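**Q** Just the structure for this:
(one chain, ligands or ions: 1)
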Amino acid sequence: MQQGQQAGPAPHEHEHGHGNAQGCGNAQGYGRERRGTPADTLDIVNPATEELITSVPATTPEEVDRAVARAAGAQAVWAALAPADRARLLRRFAALVDAHTEELAQAEVREAGHPVGNARWEAGNVRDLLEYAAGGVERLTGSQIPVAGGVNLTFAEPLGVVAVIAPWNFPMPIAAWGTAPALAAGNAVLLKPAETTPLTALRLAELGLAAGLPEGLFQVLPGEGPVTGHALVEHPRVAKVVFTGSTAIGKRIMAQCAASVKRVTLELGGKSPNIVFADADLERAAASAPGSFLDNTGQDCCARSRILIQRSVYDRFLALLEPAVLACTVGDPADEGTGIGPLISARQRERVRSYVPEDAPALIRGQAPDGPGYWYPATVLEAAPGERTAVEEIFGPVAVVIPFEDEEEAVRLANDTPYGLSGSLWTRDGARALRVARAVAAGNLSVNSHSSVRYSTPFGGYKQSGLGRELGPGALAAFTETKNVFISTEEST
Ligand code: ADP
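**A** Numbers count the residues shown, from 1 in each chain. As a prediction, this is how the structure comes out:
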């Protein structure tokens, strides 16, 4: 997703140990029960400084089991409330998030290394998602279908307990993509944030409780994927899993869900094209291209990391692209002027380096700070179609450029990956814009723009980029079962 559009997340105060100013280690603060000595802890590190912010207890499988039981109890209370009351509580939750925007944003800066302006927008996005979901509570209706001999009704019933397994790239918004509509549709939510970024999620659970959500309805369970996440996916009383993360883990979760036909929504990787036709407004396309693969330091499933350029304007476009890339400021995310922060972790930087070492030949390479922090410079490479850097998701500030001859080749190259999440195309020809947008196998296309995500429009992937859709008018329905009831109107004899 691109900053300044409608999706994205934010963070917290720190000290060593359990020094979260809002009370990490406080059972109520987590929105969940925690008894006894935690089996393990997660060290939360500031990616811009490599300093330890705090340590957070990891949730054991036994604690997951207790959390599910509490969630199920709270869900029964929640679903029985008048819809108008549920909507009111969600609006109050949204208002509290709004009132804590700066605190959440600062926490996101420290925990995830997001530039502070982006982080504020991410907190605002959580507010928007909650408000939008609240607006859907009373509009989530069933139907009456004409049949012979009686009346046929359908009901949209909540699923029960939903697990949301969130990634670290947009910790707050993506957590809210699942949580807000699931709650609005009458479910309880157990949110497992990524290992590196639990602090904003924990704070959101506190704000939900303060807004008046029933205790246990929205619980945040920090922990390792293979332990806490695994226990949630396996749990027989969890009705649905919403997972956002790597395609490899998504496939594993989908297979696990098959065992009990558990509902699952997957939002996975991408390697999205940015197709520039010769008739495009090249200045505008070049000016916006850097943000489309550098925002969030490229750690964005919608990053337009394959720039396909029509050969007749290839050199001209690259000449415009270079100064635009070099103008992006990489540095301290707490600084208001910074456009690009660090990568999330040393592990992530190693992953990016495994594709492109910083001394590998590049067409364009920006600057990155020295010293502590997981920095990596903005990089643009030439790549042949089919090359590893042109096919696999790098999840760092790296784009490849590939020339094409004509529309047919552009579409073929655009579709030449196992992914299908998003993509952009730049042209002044309206008919071509629609033709190409329809021909690219991806869930989210933008024309003369890099907009990917809005809370009010559906989002999700084709092919191995995912399963199901989040956001938009159908968001609440994805957290319901449809029940069909036929009532005979035949007279008794
Ligand atoms: P990354 O490799 O970029 O961290 P992942 O796909 O591994 O991305 O992680 C996304 C989310 O999935 C995180 O919250 C992580 O803890 C969780 N996760 C990882 N492995 C599993 C698993 N086996 N079962 C459930 N959740 C998992």
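
**Q** Can you give the distance from the helix ranked longest in the chain to the centre of its chain?
**A** Looking only at the chain and at elements set by DSSP state H, the helix with the highest residue count is helix 116-137. If you compare the mean C-alpha spot of helix 116-137 with that of the full chain, they lie 13 Å apart, counting by C-alpha atoms, centre = their mean, to the nearest Å.

**Q** What is the burial count for the closest residue to residue 312 other than its chain neighbours?
**A** Nearest-residue entry for residue 312: residue 278, 4.8 Å, with adjacent residues in sequence omitted and distances by C-beta to C-beta, 6 or more residues apart in numbering. Quick note: C-beta positions are derived from backbone N, CA and C, even for glycine. Using other C-beta atoms under 10 Å, residue 278 has 17 other residues around it.

**Q** Buried residues, the longest helix of the chain. List them.
**A** Neighbour-count burial for helix 116-137, counted by 16 or more other C-beta atoms under 10 Å, picks out 116-134, 136-137.

**Q** Ok, stretch 256-265 next?
**A** Of all the residues in stretch 256-265, those buried under the rule 16+ other C-beta under 10 Å are 257, 262-265.

**Q** And for stretch 236-256?
**A** 238-247, 249-250, 252-254.

**Q** How about stretch 385-399?
**A** Burial within stretch 385-399, assessed by neighbour count using 16+ other C-beta under 10 Å, is assigned to 385, 389-391, 393-399.

**Q** roughly how far is that stretch from the heart of the chain?
**A** Its chain's average C-alpha position is 20 Å from that of stretch 385-399, according to C-alpha atoms, centre = their mean.

**Q** For residue 364, what are phi and psi?
**A** Backbone torsions of residue 364, given as degrees, to the nearest 10, read phi -140, psi 130.

**Q** Does it touch residue 380 like I think?
**A** Yes: taking contacts as C-beta atoms under 8 Å, residue 364 lies within contact range of residue 380: 3.9 Å.

**Q** Which one of the two is surrounded by more residues?
**A** Between residue 364 and residue 380, residue 380 has the larger neighbour count (other C-beta under 10 Å), namely 25 against 19.

**Q** Check the chain and tell me which residue is nearest its centre.
**A** For the chain, the residue nearest the mean C-alpha position is residue 174 (3.3 Å; C-alpha atoms, centre = their mean).

**Q** That residue: what's it in contact with?
**A** With contacts taken as C-beta atoms under 8 Å, 6 or more residues apart in numbering, residue 174 has the following neighbours: 9, 166-167, 244, 267.

**Q** let's see 6 Å
**A** Residues in contact with residue 174, defined by C-beta atoms under 6 Å, 6 or more residues apart in numbering, are 166, 244.

**Q** Check residue 275 too.
**A** Under the criterion of C-beta under 6 Å, 6+ apart, the contact list for residue 275 reads 308, 410, 414, 425.

**Q** Let me know the helix or strand that the residue nearest to residue 312 is in.
**A** Secondary structure assigned from DSSP states H and E places residue 278 in neither a helix nor a strand.

**Q** hang on, it packs against residue 311?
**A** No: here residue 278 does not reach residue 311: they are 8.4 Å apart, not a contact under C-beta atoms under 6 Å.

**Q** Can you pull the poorly scored residue ranges out of this structure?
**A** 1-39 (pLDDT under 70).

**Q** Would you mind naming what in it lies close to the ligand?
**A** Counting by C-beta under 6 Å from any ligand atom, the residues of the chain lying close to the ligand are 165-167, 192, 194-195, 225-226, 229-230, 233, 245-246, 249, 252-253.

**Q** Which of those residues fall within strands?
**A** Using DSSP state E, the members of those that fall in strands are 165, 192.

**Q** For the stretch 1-150 of the chain, give the residue positioned nearest to the ligand.
**A** Across the stretch 1-150 of the chain, no residue is closer to the ligand than residue 42, which sits at 9.9 Å (C-beta to the nearest ligand atom).

**Q** can you list the domains in this protein?
**A** 11-269+467-481, 273-454 (automatic domain parsing).

**Q** Including distance to residue 487, could these go into CSV?
**A** CSV is the format used below for the domains of the chain (distance: least, C-beta to C-beta, whole Å):
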stretch, distance to residue 487
domain 11-269+467-481, 5
domain 273-454, 39
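
**Q** and the residue lying closest to residue 313 once chain neighbours are set aside, what is it in contact with?
**A** In space, not counting the residues next to it along the chain, residue 313 is nearest to residue 278; the distance is 4.6 Å by C-beta to C-beta, 6+ apart. Taking C-beta under 6 Å, 6+ apart as the definition of contact, the neighbours of residue 278 are 310, 312-313.

**Q** would you turn those residues into CSV with secondary structure?
**A** Putting those into CSV (DSSP: H, G, I helix; E, B strand; the rest coil) gives the following:
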residue, secondary structure
310, strand
312, helix
313, helix
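
**Q** Can you say which of those residues are buried?
**A** 310, 313.

**Q** Which of the contacts of residue 278 sits closest to the ligand?
**A** For the ligand, the closest of those turns out to be residue 310, at 33.6 Å, with distances computed as C-beta to the nearest ligand atom.

**Q** what about the closest one, distance to residue 73?
**A** Taking C-beta to C-beta, to the nearest Å as the measure, residue 310 and residue 73 are separated by 60 Å.

**Q** swap in residue 157?
**A** Counting by C-beta to C-beta, the gap from residue 157 to residue 73 is 18 Å.

**Q** What of residue 267?
**A** From residue 267 over to residue 73 the distance is 29 Å, taken as C-beta to C-beta.

**Q** and what of residue 282?
**A** 59 Å.

**Q** who's more crowded, the two?
**A** When residue 282 is set against residue 73 and neighbours are counted by other C-beta under 10 Å, the residue ahead is residue 282, at 19 against 15.

**Q** how about that one, what does it touch?
**A** residue 317.

**Q** Likewise for residue 426?
**A** Contact partners of residue 426, counting by C-beta under 6 Å, 6+ apart, are 276, 280, 285, 448.

**Q** Okay, and which of those map to helices?
**A** The members of the contacts of residue 426 that map onto helices under DSSP H are residue 285.
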